[in-house]
Every structure is written in C-alpha cells, then in structure tokens.
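**Student:** No sequence on hand, only this structure:
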C-alpha cells in the first residue's frame, strides 16, 4: 500500500535536510570567524574597543560553529528516532485504516460503474490490493504498532477484559503501574495468567548476552516483577471481594516472543539482539472467525499453553524460593572463599616473618 515507504521517505528527507542545513550553517560560522580573525581584525588598533569587539565576535562565531557541528553529530540519531517513531505511528496506525476505507469505497464505485455498463472489470491493481488486504484481515492482523507503550497496554486493561495472558521475560512496565492494572482486572472478574522467565534459568544469561546487559541486571528485573506480582496475588487471595483469578508461573525455555492477550486480541513482538522486544514492532492480531482461530492465533495460544503446562515451569513462589536458596548458597561460598584467601595470606605473612623477611610484615598490619 506504500504507507511504510512514504513514511521512510519523509523521515529520510527530514533527516538529511536537517543535517545539511546544520552542517552548512556551522561551517559558514567557522569560516566567517577565521576570515575576520586573519583579514578584518588586523585593520583595527590592538587594544581598542572596536578591536576587542570584533575579536570577541570572531571567536564566538568559531566556537558556535564548532559546537553546532558537534551537537548535530551527537544529537542527530536521537532526532531521527523521535521523528521516525512519530511519523510511523501516524502513517502506519491511522494510514492502515484509512487505506482500507479508501479501497472499499473505490471498490463500491467500481462495482456500481460495472453494473451501469461503464466498466467491464476493476483494474488489476485495485483487485490485487483488495485481495492482499482481505488476506491480511482474514489472518486477524489489525495493525502494527511501532513499539509497545504503557498507553497501549493500559487502554487494553481499561477495556475490562475477561481473560488476560502475559508471556514475557520481564514486563518492563512495573514503574508504569502494570501490577495495579492487573489487580483492577482481577477485581472486575478477569482470569489472569502470567508467564515470566524463571530467574534461575540459564536462559537469563543468554538473554543478557543478546541484550548486552549484565546477567545480574536481567535476573533482578525478572525477580522484581515476580516479587511484586506474588505480593499482589497474596493480597488478592486474602480478599473475597474480587471475582477473578491471578496465576503466576516462571518458565524455563528459550524466549521466542512476548505476548499480551486481552480476550480475542493478542499483541506480540519478537525478541531482538541489542534491543528489548518492547522497542520493536508490535503486531496486534484479533480473532475474526468467532472462535475458529486462524493459524497464527493457534500458534500463539499453543505456545502459551505448552509453556504453561511444561514440566519445567514452576509456580512463582517455588521460583523465588529456589532463587533465595541459590543466592544464600552463593553468598556462603563467597564468604568461605574470602576467609580461605585471608587465611592463606596470614599464613604466608607469618612464614615470611619467621624467615626474617621484613617486607612481609605489611601483611600483618
């Protein structure tokens, strides 16, 4: 349909136009300053008021041009990302619906013209586009979001879903209030199932490598989510006022994709190298066949179900208990290694003192 192509062309044009204008302006300022210093400044008497004024202006031009060049080189990437995100959001999310409406209207006009004998058949291009759109819609794809966002997820929770499923390594939305969204959904009667990566799994290390993060950071992110969710689950279990259920498990398998299900809608994204999945495209798929799921939805649901029922998948309390025991054991082993090292140093130092080596006395200080 050309929507993504148009967006990319606009972003590319803005990017290069901004870069050229900024660099040309900066270079002109630097050139102007050099010209003033070498050719104009000598025309004035050194120490005079005019001389100092012209000198300051020339130096300011050179400094401004240099700083402008550096600023453009450093900030260009951020500008590109912000602009691309904004334009793609408008052109992709809104453009898809608009294009579909335009094609449908055009088809009706063509059909009417054909009935009146003014047109033998619709143009092949229109037919092809309509067939492609129809195939996409039959598979349930509604829109492609540029990235995940707290606004997108919070809106889905505000729609009062009856069934929620979350498949993640860690959510990344704890500070935005996802635990509160989940609690509110349960209180309104939703059945919520959450699958996060087991912090004790070797997959934590592999995912950390892929992201270029420290393994400890990834493990802590998962643990914080699990602890917050378990605490909220315990609070809900002690309150008979809610109508829904909240189940939390930790899976031990290679992360393939993340998914948020809200009734008949699934929003999923892929796991990338050197980038978190929430920063990449999010595909929103909807059940359009009244329960007769298309192949894509079947695979998404089967993935969640298989992980949920896998023998290595454990309850959140068991995962956290295992993690605590593991951390205590590691701390104990670290302390023992430290004490053993200190004992060796003391033994070496004492042996050196008995041998009459004065430099070894510093170990006893």
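**Tutor:** Cool, got the structure. None of these values were measured; they are calculated from a predicted model.
**Student:** Surely residue 226 and residue 248 touch.
**Tutor:** Yes. Residue 226 lies in contact with residue 248 (CB atoms under 8 Å); the separation is 7.0 Å. C-beta: built from backbone N, CA, C; applies to glycine.
**Student:** How many residues are close by residue 218?
**Tutor:** Neighbourhood size, residue 218 [other CB atoms under 10 Å]: 23.
**Student:** Are we agreed that it is in a helix?
**Tutor:** Yes. Counting by DSSP: H, G, I helix; E, B strand; the rest coil, residue 218 falls inside a helix.
**Student:** where are the low-confidence patches of this protein?
**Tutor:** 1-16, 19, 68-104, 107, 110-111, 113-138, 241, 243, 289-293, 356-365 (pLDDT under 70).
**Student:** ok, which stretches of it are strands?
**Tutor:** 141-145, 163-167, 191-197, 245-251, 257-262, 265-270, 282-286, 314-315 (DSSP state E).
**Student:** tell me how far the ends of stretch 257-272 are from each other?
**Tutor:** In stretch 257-272, first residue to last residue: 9 Å (CA to CA, to the nearest Å).
**Student:** Helices of this structure, start to end?
**Tutor:** Secondary structure of the chain (DSSP state H): helices at 3-35, 49-88, 95-115, 124-138, 150-158, 178-187, 203-211, 215-237, 295-308, 316-354.
**Student:** How far away from the center of its chain is the last one?
**Tutor:** A distance of 38 Å separates the centroid of the chain from that of helix 316-354, by CA atoms, centre = their mean, to the nearest Å.
**Student:** report the angle between the axes of it and strand 191-197?
**Tutor:** 30 degrees (axes from the mean of the first three to the mean of the last three CA atoms, to 10 degrees).
**Student:** Can you give me the buried ones in helix 316-354?
**Tutor:** By neighbour count with 16 or more other CB atoms under 10 Å, helix 316-354 contains the buried residues 316, 319, 320, 323, 349, 352.
**Student:** Name the nearest residue to the second one, ignoring sequence neighbours.
**Tutor:** Distance criterion CB to CB, 6 or more residues apart in numbering; nearest residue to residue 319, sequence neighbours excluded, is residue 250 at 3.8 Å.
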